[in-house]
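> Just need the structure, nothing else, for what follows:
(chains A, B, C and D)
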Number of protein chains: 4
Amino acid sequence: MELRIGVVGTGAIGEDHIRRLTEVITGATVVALSDINEENARRIAKKYNAVFYKTGNEVIWSPDVDAVLIASWDPTHAGYVLECIKAKKYVLCEKPLATSAEECLEIVNAEIQGKKKLVQVGFMRRYDTGYRELKEMLKSGIIGEPLMVHCCHRNRIPGPQHTTDMTIKNSGIHEIDVLRWLLDEEYESGQVLTVKQNKNAESELKDPQIMLLKTKSGVRIDVEVNMNSHYGYDIQCEIVGEKGVIRLPDPNTILTKLSGRNSYEIYADWSFRFTRAYDIEIQQWIDSIKGSGPVGPSAWDGYVACITADTLIKARKRETIEPIIIQPRPEFYC
Amino acid sequence: MELRIGVVGTGAIGEDHIRRLTEVITGATVVALSDINEENARRIAKKYNAVFYKTGNEVIWSPDVDAVLIASWDPTHAGYVLECIKAKKYVLCEKPLATSAEECLEIVNAEIQGKKKLVQVGFMRRYDTGYRELKEMLKSGIIGEPLMVHCCHRNRIPGPQHTTDMTIKNSGIHEIDVLRWLLDEEYESGQVLTVKQNKNAESELKDPQIMLLKTKSGVRIDVEVNMNSHYGYDIQCEIVGEKGVIRLPDPNTILTKLSGRNSYEIYADWSFRFTRAYDIEIQQWIDSIKGSGPVGPSAWDGYVACITADTLIKARKRETIEPIIIQPRPEFYC
Amino acid sequence: MELRIGVVGTGAIGEDHIRRLTEVITGATVVALSDINEENARRIAKKYNAVFYKTGNEVIWSPDVDAVLIASWDPTHAGYVLECIKAKKYVLCEKPLATSAEECLEIVNAEIQGKKKLVQVGFMRRYDTGYRELKEMLKSGIIGEPLMVHCCHRNRIPGPQHTTDMTIKNSGIHEIDVLRWLLDEEYESGQVLTVKQNKNAESELKDPQIMLLKTKSGVRIDVEVNMNSHYGYDIQCEIVGEKGVIRLPDPNTILTKLSGRNSYEIYADWSFRFTRAYDIEIQQWIDSIKGSGPVGPSAWDGYVACITADTLIKARKRETIEPIIIQPRPEFYC
Amino acid sequence: MELRIGVVGTGAIGEDHIRRLTEVITGATVVALSDINEENARRIAKKYNAVFYKTGNEVIWSPDVDAVLIASWDPTHAGYVLECIKAKKYVLCEKPLATSAEECLEIVNAEIQGKKKLVQVGFMRRYDTGYRELKEMLKSGIIGEPLMVHCCHRNRIPGPQHTTDMTIKNSGIHEIDVLRWLLDEEYESGQVLTVKQNKNAESELKDPQIMLLKTKSGVRIDVEVNMNSHYGYDIQCEIVGEKGVIRLPDPNTILTKLSGRNSYEIYADWSFRFTRAYDIEIQQWIDSIKGSGPVGPSAWDGYVACITADTLIKARKRETIEPIIIQPRPEFYC
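Predicted structure coming up:
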């Protein structure tokens, strides 16, 4: 049985997901799509033999569509997700789930009222083989209880229109999500350190920043979020436990000896680094929908990530340590 | 369009390919299968909703089967492949293509007479990301002309009934194929060094062995083929060029600091190491069949690998350097 | 010309320095020594053909002694150093220079009054090849301006009588010194994060701790100081600049493939890790004394390290970010 | 007690040894020297406060000289060593001991007749920390019996006047010596593979070459000797045993992330790579002379290395596998 997918948003990520659903993923077909850039969307629709719709909502409500993938502009996410819940359709929404914690809670409440888990958020790092193995090793107890996590999230250059807040809300949010999933516990407080300004960064963008998080049990996390590493896209994660340390490996690119250097390539951007994670994320989403429903990051996870990011932004502005206050987790998400 | 695949041979590898075709690969369905172990084959047929046939030939000739994957006992490969050619069906045959060079040539001739390339041989290393990047870098000229290749092919322990000849013919054959593909040229001569016997090996198995190959242009290749490494499955390949060196990376497993050691895991066997290569091999095979026909290792490549392995076995027995004499390559395979 | 050295304090480190001065260093001879453990000191005196004195001051004032090395109990350091200044003798004092900033300033003032630089403090990390190369590379500008430094200082187990304050004052002090030397600027403020308690640590020892430092120019430093890593002695230092990253390498121990792991040894303690740094430190100290005087870490550096450590301890207790207030640097130390 | 050293030959290596004996080594002083380049030798004599002599023999027979270090032109080694034996003085002779096996045997016989071990040959690799640890680990039995050794000896560019024979006799000779010391057994036969010519090499220099050695117990050794690696000086040594593998580590230079590459420096030549090995070699030679006599590579080791190299050169010319025939080892060297 081929699951019929509608895609809302066919920019770079959306188009890549359509290619993935068509050429890589088994068990799904893209049948409908929509985008504000109509010309480009029509071209893609033609290429992949899908139907173009004028609006995202038409895609969502189309009787030919079994499930929806949302990859549109961030501020539109919440509206489309709510529409999917109304239409009682499974939806995989690219992160962030919404641009405010309020909207996230609105989605959470709508989903609870609908009495069915329909929403999954596109935190693809949870599907990266490295992070998965870290989680397994943590569970195995081989390093004892985790005590500290040291992370780096480095982009070569920021995307256009990147802002100081986005460093936390769009980039750092990956660590915010994946670390609470790895550690399997919630945050208690957060702080952000501003750093000597990288002269390569636009002056209005404070870059880099360091996010400090403390979990309920006292685990300390530091995350360098650096939009102008200049040298490449580099994701590091080291977990220090009571008896040892485990660390995410680098991608295994060719070892080279040339001109007095022993070296290997560092990827230029996230698309290379997390290609496989996206493949696995979407294959498992498709498989889960055909089975007993999605098991990936939930609307609740989307809410927690959002409120944590907002708290960190506040902490940065106030130069304080801020408590991270999360609503009690509804029974529905336990 | 789903390509309907018949699978002949449902032992460990065969069953894994059926799982792969069903759960990982897009665009194909396993519809028919056969195996001498009827009970097991019936179980798998039920599980994957395929039809069980008493014989491989029935699978091959079934009108419901578009293409055939052969994963049966080595000595049966040639017969099934010839049958596929007769039935004018695409066939992916696990290596080796046949157990003798004569049989390989019989296949080659049958394929030429049929005037259509139908046969692909399952040399999956050509689909490993690492080898592919090595090939690209070689082509780029960054290290100049290749001069030497140093390889290790280490198994933790040999399979049951492994023989001294199989070390070359079943294990070393992977390097024989992938290195001529990497270097894009043919072998001129070969030699095999016997090594101090590993006491962990059965006494009738000479282990390890070192294969030495020289290409037409004078590139020197040494391959340690070691069936009793005792520590893991380890594939190494280093190409030394005029200006630098490139090297296959290890799989990127979690970095660990424990008990005074900085370490990472070495896989225990080939199934972990080349899982992705198999995925890519079969996906590309499926895609190519739907397109303009298979582009992977051909029947000719199967023949060259076979005759090279046979020559090396002769060289080992005679303790000589033997010329590797290959038939002129037919126009059909250029 | 052999420089005649008197050693005050012949515990583990003192004895090791005597061995070093005798067997490794050229141009110096140990002629006199003293320790409160008289029996042991007499044994060592006999072994190395030196004269045993009842008190450190006798060693210092002995006319046979050209220069003094102090490796006695921390609280006695300041007194002996002041005595050396009085005796107008060069002195290499193991860190810390003194146990309080006041004592450090007393030494500084005495040295200034004496109008001659006599004092060097035993911060041996500045002599480690790795740190030296980091400093050179920083100066070369290859990574642009430094922005952040991520460090780990991990001991396998703490020494006996180790306290929560000592984590900063005796262990973290190495990073406090070497990082301001590396970055060539002073600290502005500090903070200490307490971390989930390692159950392997004694309950009265808060372990691990994270020291956060900010320099005048805004460079951010985080140092994990972990007395119970359980797995080994591990020193990490990564400097993130505007254009790239440089990182201290691990000691180059034998690469091993055994039992499914690719690994190399992590040293068990500092003595292995910094053996060569100590050799170089003391050889250069000897050479400098014969030349134009000591150029290593000065009494002033000892003072800055001490006041910084004290401020961090205060910050930890108060859970605040504390300004690091350092006296104006006297002309004498510029 | 300072040992008074006379140095014969003050070219690059000789001068470096004088610096080493003066500034690094403890317990020795260079008092006399000689070289055919008189002007340069006089300059060095002045700098290090030593006496210049017109001839090497004058240095050797000077009553002020306790022991001799020979670093002159290769063809003069044997004569000076024989003179030292006559003068009953300890001598450390840079490799090779002599340019022919006959001369080596002459030295061996002279030493036996003199009834005292006076000669040590400058095979400094035996003093490299990495090789020493390999030897210890081999002895520990952790990898079982050694079965194979894979080595690379790569120079960036050859020295001036380098010849095809010198690749084995001057470069490969280091592996010839260090591997029989590591494995603690003798060679049985050897073979040399010529390789596709590196176009960067002068056409009259066959480069690279691969030396193949087989020991008495059947251990197989392959050594790539490559004078035109183009990228750096690179020494690799991997020992494959019955249960695992051990491998020489690379020098631990700074890890760097720049311009899309994760890298570290490869040294440009041997002087950086083996600086410490030379330090340890000469310190231990000095210490041993003051003790019970030299324990480093003996005249016998010099002979075995020489005859092995000669046999390999013959094997290369004849394109055969040649037996390596060594005289019975005299009691004196057991």
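> in the sheet, who's paired with the closest residue in space to residue A:45 that isn't next to it in sequence?
Of all residues not flanking residue A:45 in the chain, residue A:52 sits nearest, at 4.0 Å (Cβ to Cβ, 6 or more residues apart in numbering or on different chains). Just so you know, the C-beta spots here come from the backbone N, C-alpha and C atoms, and that holds for glycine as well. For residue A:52, the beta-bridge partners are residue A:33 (DSSP bridges).
> what's near enough to touch residue A:52?
A:32, A:33, A:34, A:38, A:41, A:42, A:45 (Cβ atoms under 8 Å, 6 or more residues apart in numbering or on different chains).
> rerun at 7 Å
A:33, A:34, A:41, A:42, A:45 (Cβ atoms under 7 Å, 6 or more residues apart in numbering or on different chains).
> And those residues, which is closest to chain C?
residue A:41 (39.0 Å; Cβ to the nearest Cβ).
> I'd say residue A:70 and residue A:93 touch.
Yes - counting by Cβ atoms under 7 Å, residue A:70 touches residue A:93, with 4.4 Å between them.
> and the end-to-end length of stretch A:191-209?
Using Cα to Cα, to the nearest Å, one end of stretch A:191-209 lies 10 Å from the other.
> Wondering if it reaches chain D at all.
No - residues of stretch A:191-209 contacting chain D under Cβ under 7 Å from any Cβ of the partner chain: none, with a closest distance of 13.4 Å.
> what does the average pLDDT come to for that stretch?
Stretch A:191-209 shows a mean pLDDT of 94.
> Any chance you could list what contacts it?
A:158, A:162-164, A:167-168, A:210-212, A:224-228, A:230, A:312, A:315-316, A:321, C:147-148, C:217-220, C:242.
> can you check stretch A:136-150 too?
Applying Cβ under 7 Å, 6+ apart, the external contacts of stretch A:136-150 come out as A:179, A:182-183, A:219-222, A:237-246, B:254, B:258, C:150, C:195-196, C:198, C:208, C:224.
> pLDDT (mean, whole number) over that stretch?
On average, stretch A:136-150 scores 98.
> Narrow the contacts of stretch A:136-150 to those that are buried.
If you count burial by 16 or more other Cβ atoms under 10 Å in any protein chain shown, the buried members of the contacts of stretch A:136-150 come out as A:179, A:182-183, A:219-222, A:237-246, B:254, B:258, C:150, C:195-196, C:198, C:208, C:224.
> Sitting in strands, which of the residues you listed do you find?
Residues of the buried ones among the contacts of stretch A:136-150 located in strands (DSSP state E): A:220-222, A:237-241, A:244-246, B:258, C:150, C:224.
> Report the beta-bridge partner residues of whichever residue of chain A sits closest to chain D.
Of all residues in chain A, residue A:263 sits closest to chain D, at 3.4 Å by Cβ to the nearest Cβ. Under the criterion DSSP bridges, residue A:263 forms beta bridges with residue A:256, residue D:263.
> shaky segments in the stretch 151-300 of chain A?
Along the stretch 151-300 of chain A, the model assigns pLDDT under 70 to no residue.
> and it, which residues reach chain C?
Within the stretch 151-300 of chain A, the residues that sit near chain C (Cβ under 7 Å from any Cβ) are A:193, A:195-196, A:198-200, A:208, A:210, A:217-220, A:222, A:224, A:226, A:230-231, A:240, A:242-244.
> again with the stretch 1-150 of chain A
Residues of the stretch 1-150 of chain A lying close to chain C by Cβ under 7 Å from any Cβ are A:147, A:148, A:150.
> tell me the contacts of the residue of chain A closest to chain D?
A:256, D:261, D:262, D:263.
> Next, give me the two most distant ones among these.
A:256 and D:262 (10.3 Å; Cβ to Cβ).
> joint contacts of those two?
Taking Cβ under 7 Å, 6+ apart as the contact rule, residue A:256 and residue D:262 both touch A:263, A:264.
> State the distance from the residue in the stretch 51-200 of chain A positioned nearest to chain C to residue A:210.
Minimum separation of the stretch 51-200 of chain A from chain C (Cβ to the nearest Cβ) falls at residue A:196, amounting to 3.3 Å. Residue A:196 sits 11 Å away from residue A:210, going by Cβ to Cβ, to the nearest Å.
> And the closest residue to chain C within the stretch 201-334 of chain A, its phi and psi?
Minimum separation of the stretch 201-334 of chain A from chain C (Cβ to the nearest Cβ) falls at residue A:218, amounting to 3.3 Å. Residue A:218 adopts backbone torsions of phi 100, psi 0, taken as degrees, to the nearest 10.
> Grab the most central residue of chain A for me.
Nearest to the mean C-alpha position of chain A, by Cα atoms, centre = their mean, lies residue A:123 at 2.9 Å.
> In this structure that one contacts residue A:179, no?
No - with contact defined as Cβ under 7 Å, residue A:123 does not reach residue A:179; the gap is 11.0 Å.
> Can you get me the start-to-end distance on stretch A:211-225?
End-to-end span of stretch A:211-225 (Cα to Cα): 7 Å.
> residues in contact with it?
Contacts of stretch A:211-225 (Cβ under 7 Å, 6+ apart): A:146-153, A:167-168, A:171-172, A:175, A:179, A:183, A:185-193, A:208-210, A:312, C:148, C:193, C:195-196, C:210, C:222, C:240.
> how about the helices in the stretch 51-200 of chain A?
With DSSP state H, counting those that start in this stretch as the criterion, the stretch 51-200 of chain A has helices at A:56-61, A:77-86, A:101-114, A:129-140, A:164-166, A:173-183.
> Which one, of these, ends up nearest to residue B:303?
Closest approach to residue B:303 among the helices of the stretch 51-200 of chain A (Cβ to Cβ): helix A:129-140, 37.3 Å.
> I'd like to check the angle between that closest one and helix A:173-183, please.
Here helix A:129-140 points in a direction 30 degrees away from that of helix A:173-183 (axes from the mean of the first three to the mean of the last three Cα atoms, to 10 degrees).
> Pull the distance from helix A:129-140 to the chain's centre.
In terms of Cα atoms, centre = their mean, to the nearest Å, the centre of helix A:129-140 is set 18 Å apart from its chain centre.
> in it, what's buried?
A:129, A:130, A:131, A:132, A:133, A:134, A:135, A:137, A:138.
> between these, which is nearest chain B?
Nearest to chain B among the buried residues of helix A:129-140: residue A:133, at 4.9 Å, using Cβ to the nearest Cβ.
> Which SSE is immediately downstream of the longest helix that chain A contains?
The residue-count maximum for a helix in chain A (DSSP state H) belongs to helix A:299-318. Next along the chain after helix A:299-318, taking DSSP states H and E as the criterion, comes strand A:322-323.
> how many other residues sit next to residue A:125?
25 (other Cβ atoms under 10 Å in any protein chain shown).
> For it, give me the pLDDT.
98.
> I'd guessed it sits against residue A:277; true?
Yes - counting by Cβ under 7 Å, residue A:125 touches residue A:277, with 6.4 Å between them.
> which residues are common contacts for these two?
Going by Cβ under 7 Å, 6+ apart, no residue sits against residue A:125 while also sitting against residue A:277.
> Same question for residue A:326, what's its three-state structure.
coil (DSSP: H, G, I helix; E, B strand; the rest coil).
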